[in-house]
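Q: I would like the atomic coordinates for the input below:
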Amino acid sequence: MSYTVEKLEKNKVKIVIKVDSADWQAAIQKAYEKTKKNYQIGGFRKGHVPFKVLAGTYGVGIFFEDALDIILPEQYGAVLDKEKDIEPVDRPDIDINAISDSTLEFTATVQCKPDFKLGKYTGLVFETEKPEVTEDEINAEVQSKLDAAGAWVPITDRAAQKGDTVVIDYSGSVDGVKFEGGTAEKQNLVLGSGSFIPGFEEQVIGMNIGEERDIVVKFPKDYHETSLADKDAVFAIKLHEINVKEVPQLDDESVKDISEFDTVADFKESIKKDLLAKKTASVESKLENDIIEKIANESTVEIPECMVDNQIEEMIYEFESRLQYQGLKAEDYYKYTGIKRDDLKKQYADMAKKNVLFRLTLEALLKEIQIPVSDEEINEKIADMAKEAGKTFEEYSKYMNDEYKEYLRRDIITNKLFEYLKNNNTIK
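A: I've put the predicted structure just below:
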């Protein structure tokens, strides 16, 4: 392989690669092995036609597309391994300059990481707040834990009230015609939660077990399903169950049941420590974000559009993955909400650009400051993780590969970077 590298405007690089004839012919042979099962010629069993027969019948060019899929990443990757200063941030555009059964030359044009002129990063002034936990916050968390420990109890001697969880069947229609998604059986509904159409839950209140009732509601004008927007609908309701949550009282006995503590005082003190730790972490995270934002604004960089586009796609992928984890397909979400994927792209655009800017700022800082991390520091981190997991260092570390250790190294470097920045700037 021989190649040339030419730097273009706006941090683009053009790489012209001439592939060795032997490597190209080997890729063609691999393409033949991959695709020969698809060919059949008289006198040969399907998948057993010799290379020379296929090449003589159809021409060697029938293998070029698959051979290119094999050889292009190999050759392009080999150049990047040698040219360490080329840092692509996008897939390359490929142009084939010359191709035959023994010759291949192609051009890869790729956007590289932009030049970053780091601005002032020491001697700056930042303001932060002192994390504090109020008694109201402690009480709210205590109540939340009591609520979580509560048990649902069926009610049979009264009508449904606000705050109850009822189990209902419903069937909705507009102008006497049932509509898609308007029918369900044994549906749980918390009365007063506002999770259904306005006016729906209020009309279920007062129903008794076994009762059937028709209720009339109006869909909102901005309802996501435009065919139903601002329409009157009739729902036939049947109520099957009424359930209410019984929440334990706050006393020492209840505390023993729902926690590892014996007294209300110890329970509340533990909650206070947890809340303070969370607030402290939140305050520190905001401070670190403010530091990077100010340094980024002091710096100069022209971010390539492709980096923002790739970040947007990554954010949408994470969003759709969260939906899937919750049991909802992305296409169903878009359908039911009326939101389009392009709407998300616009919504994420500013945040994506900010994320890219912050990442480039961190990289520039780490390159400038050169923070060392020893093997001992990585091992200390692993030892702490092992202790939390109730394992020995040897037991825990044997499951860690080099890739995860590299992740730990980067995490330690980032923490030390922020420690450096806090120590070399004024924090009020």
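
Q: which residues in the protein form strands?
A: Along the chain, counting by DSSP state E, strands occupy 2-7, 12-19, 93-99, 104-111, 116-117, 125-126, 151-154, 165-174, 177-190, 212-218, 232-246, 300-301, 426-427.

Q: counting contacts, what elements does the last one pack onto?
A: Yep, that's strand 426-427 we're talking about. Helices and strands touching strand 426-427, by 3 or more Cβ pairs under 8 Å, 6 or more residues apart in numbering; DSSP states H and E, are strand 125-126. For every residue, glycine as well, the C-beta is placed using N, CA and C.

Q: Centre of the chain to the strand it packs on, how far?
A: How far strand 125-126 lies from its chain's middle: 32 Å, per Cα atoms, centre = their mean, to the nearest Å.

Q: For that strand, which outside residues touch it?
A: 287, 290-291, 294, 425-428 (Cβ atoms under 8 Å, 6 or more residues apart in numbering).

Q: quick one, what contacts residue 251?
A: With Cβ under 8 Å, 6+ apart, residue 251 has these contacts: residue 264.

Q: nope, residue 258 is what I was after
A: 145-146, 149, 248.

Q: What of residue 421?
A: 121-122, 288, 291, 295, 365.

Q: out of the residues you listed, which are buried?
A: By neighbour count, with 16 or more other Cβ atoms under 10 Å, these hold 121, 288, 291, 295, 365 as buried.

Q: In space, what's closest to the fourth one - neighbours in sequence excluded?
A: Counting by Cβ to Cβ, 6 or more residues apart in numbering, residue 121 is the residue found nearest to residue 295 once chain neighbours are left out, at 4.8 Å.

Q: wait, isn't that neighbour in contact with residue 367?
A: No: with contact defined as Cβ atoms under 8 Å, residue 121 does not count as touching residue 367 (11.9 Å).

Q: Which parts of the chain are helices?
A: Taking DSSP state H as the criterion, the chain contains helices spanning 21-35, 51-58, 64-82, 135-148, 200-204, 252-258, 264-298, 305-325, 330-337, 341-369, 375-388, 393-397, 402-423.

Q: can you put the ones you listed in JSON lines and add mean pLDDT and distance to residue 228?
A: Formatted as JSON lines, these follow (pLDDT from 0 to 100; distance: least, Cβ to Cβ, whole Å):
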{"stretch": "helix 21-35", "mean pLDDT": "95", "distance to residue 228": "52"}
{"stretch": "helix 51-58", "mean pLDDT": "92", "distance to residue 228": "57"}
{"stretch": "helix 64-82", "mean pLDDT": "96", "distance to residue 228": "48"}
{"stretch": "helix 135-148", "mean pLDDT": "94", "distance to residue 228": "35"}
{"stretch": "helix 200-204", "mean pLDDT": "94", "distance to residue 228": "13"}
{"stretch": "helix 252-258", "mean pLDDT": "92", "distance to residue 228": "44"}
{"stretch": "helix 264-298", "mean pLDDT": "95", "distance to residue 228": "41"}
{"stretch": "helix 305-325", "mean pLDDT": "94", "distance to residue 228": "23"}
{"stretch": "helix 330-337", "mean pLDDT": "85", "distance to residue 228": "12"}
{"stretch": "helix 341-369", "mean pLDDT": "94", "distance to residue 228": "20"}
{"stretch": "helix 375-388", "mean pLDDT": "91", "distance to residue 228": "52"}
{"stretch": "helix 393-397", "mean pLDDT": "87", "distance to residue 228": "56"}
{"stretch": "helix 402-423", "mean pLDDT": "93", "distance to residue 228": "49"}
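
Q: ranking those helices by burial, who's on top?
A: Highest mean neighbour count of those: helix 200-204, a mean of 19 (counted as mean count of other Cβ atoms under 10 Å).

Q: Contacts for that helix, please.
A: 160, 166, 168, 189, 191-195, 213, 215, 217, 235, 237, 239.

Q: Good, wrapping up.
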